[in-house]
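K.L.:
test case, fold it:
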Amino acid sequence: MRFLRSPSPITVLLIALAGIYLTYHTLHPEFGGLDRNAESRPVVPRSDLGADERNTIEVFRAASPSVVYITSIAVQRSLFSLNIYEIPQGTGSGFIWDKQGRIVTNYHVISDANRIEVTLADHSNWKAALVGAAPDRDLAVLQITAPADKLRPIMVGESEDLQVGQKVFAIGNPFGLDQTLTTGVVSALGREIKSVTNRTIRNVIQTDAAINPGNSGGPLLDSAGRLIGVNTAIYSPSGASSGVGFAVPVHEVNRVVPQIIKHGKLFRPGLGISIANQRLMQELNLDGLLVLSVESGSSAEKAGIRGTQQVRGGLILGDIIVAVNGEPVKSWNQLRDEVEKHEAGEAVTLTLQRDNGQVDIKVVLEAI
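P.N.:
Now for the predicted structure:
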């Protein structure tokens, strides 16, 4: 036979106290901080919004209809059923460039996409086609077929007169949260970052306005609501905003985008020559860039630049480029960076190591 153990005196005491508490709490609710006569607190009126607040609100109202949400979609095939699936690849931001439905964004936002969708500020969705891109500048142009009355092109400003400390605004879709406004200042000017092709993008704007995944491709605005840059990167070990963001300056955007629209790509200035690879130059112990060949009819040929010749006894080395407009160059990337500070049709001065001395030769840059 089983016997039930009697509760201990302590247990009996705790049960009794709990009963007393519940009885008193029910009869006297104020014991627990409750008050049946509670009412809403009176609202304290405030003064008008400050001028700075009103300006921020107006910038957002004016510019946000120009900002779009971009979804890149990749196509994958199942290994077992061979069915094709569409997988969301990533998200980003962009902005309306013109009434013809062209959208500007970062190249890295859409680089791996098989299909692209653009969501306007009114939440309408549109399939987008790639017009063209400049991967070295991390810029791309898309095309949608939305009617003109749905399209509000962004106001274009200037970036060459920016000053450190100037207030800026970023509008985008961080983490898929559409139409988000963040504010900050120009933290620094003349920065350099690497594009997805590992090329240097120069004269980049640094800002402390929060830029997160999803903001890429969105606009950086000045206090007049004008485009001054395209948000393109954050410097953060975790990938989240750490108060250091970067934007491609609008003077570069306004130069590159029309070329993409006209030609589908960016025409770069070139010299019409081919350069030896780094390994060969190291083997030959050359301090500069060895010209291997010169294109027939090129401006380099007209300027008299010499290429390398192969003869029975070995090689007759061509000219060795050691500087462009007085700036030393020791790699192909350095040469290209110096050349791309100029437009096709402009002339640059190459300092060449030739025979036992140096010569300066002017070469007119060609579009390539």
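
K.L.:
how much space separates the residue nearest in space to the middle of the chain from residue 115?
P.N.:
Centroid check for the chain by CA atoms, centre = their mean gives residue 232 as the closest residue, at 1.2 Å. Note on residue 232: its distance to residue 115, by CB to CB, to the nearest Å, is 23 Å. Bear in mind the C-beta positions are built from the backbone N, C-alpha and C, glycine included.

K.L.:
where along the stretch 251-368 of the chain do the helices fall?
P.N.:
278-283, 299-303, 332-339 (DSSP state H, counting those that start in this stretch).

K.L.:
and the strands in the stretch 201-350 of the chain?
P.N.:
All strands of the stretch 201-350 of the chain, identified by DSSP state E, counting those that start in this stretch, fall at 219-221, 227-234, 245-249, 269-270, 273-275, 289-294, 309-311, 314-316, 320-324, 327-328, 347-354.

K.L.:
list the strands paired with the fourth one, with their directions.
P.N.:
Spelled out, it's strand 269-270. strand 366-367 (antiparallel) (DSSP bridges).

K.L.:
the residue nearest to residue 353 when sequence neighbours are not counted - how many residues pack around it?
P.N.:
Distance criterion CB to CB, 6 or more residues apart in numbering; nearest residue to residue 353, sequence neighbours excluded, is residue 320 at 3.9 Å. Residues contacting residue 320 under the criterion other CB atoms under 10 Å number 22.

K.L.:
residue 320 against residue 285, yeah?
P.N.:
No: in this structure residue 320 lies outside contact range of residue 285 using CB atoms under 8 Å: 11.3 Å.

K.L.:
which residues do these two both contact?
P.N.:
Between them, residue 320 and residue 285 share no contacting residue under CB atoms under 8 Å, 6 or more residues apart in numbering.

K.L.:
how about the helices of the stretch 251-368 of the chain, which one is nearest residue 217?
P.N.:
helix 332-339 (23.8 Å; CB to CB).

K.L.:
output the helix or strand encompassing residue 52 as PDB - backbone C-alpha positions only.
P.N.:
Assigned by DSSP states H and E, residue 52 belongs to helix 51-63. C-alpha atoms of helix 51-63 as PDB (Å, rounded to 0.1, in the frame of the first residue of the first chain):
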ATOM      1  CA  ALA A  51      14.800  74.500 -40.100                       C
ATOM      2  CA  ASP A  52      17.200  71.600 -40.300                       C
ATOM      3  CA  GLU A  53      14.500  69.000 -39.600                       C
ATOM      4  CA  ARG A  54      12.200  70.600 -42.200                       C
ATOM      5  CA  ASN A  55      15.000  70.500 -44.800                       C
ATOM      6  CA  THR A  56      15.600  66.800 -44.100                       C
ATOM      7  CA  ILE A  57      11.900  66.000 -44.500                       C
ATOM      8  CA  GLU A  58      11.700  68.000 -47.700                       C
ATOM      9  CA  VAL A  59      14.900  66.300 -49.100                       C
ATOM     10  CA  PHE A  60      13.300  62.900 -48.500                       C
ATOM     11  CA  ARG A  61       9.900  63.800 -49.900                       C
ATOM     12  CA  ALA A  62      11.500  65.200 -53.100                       C
ATOM     13  CA  ALA A  63      14.100  62.500 -53.700                       C
END
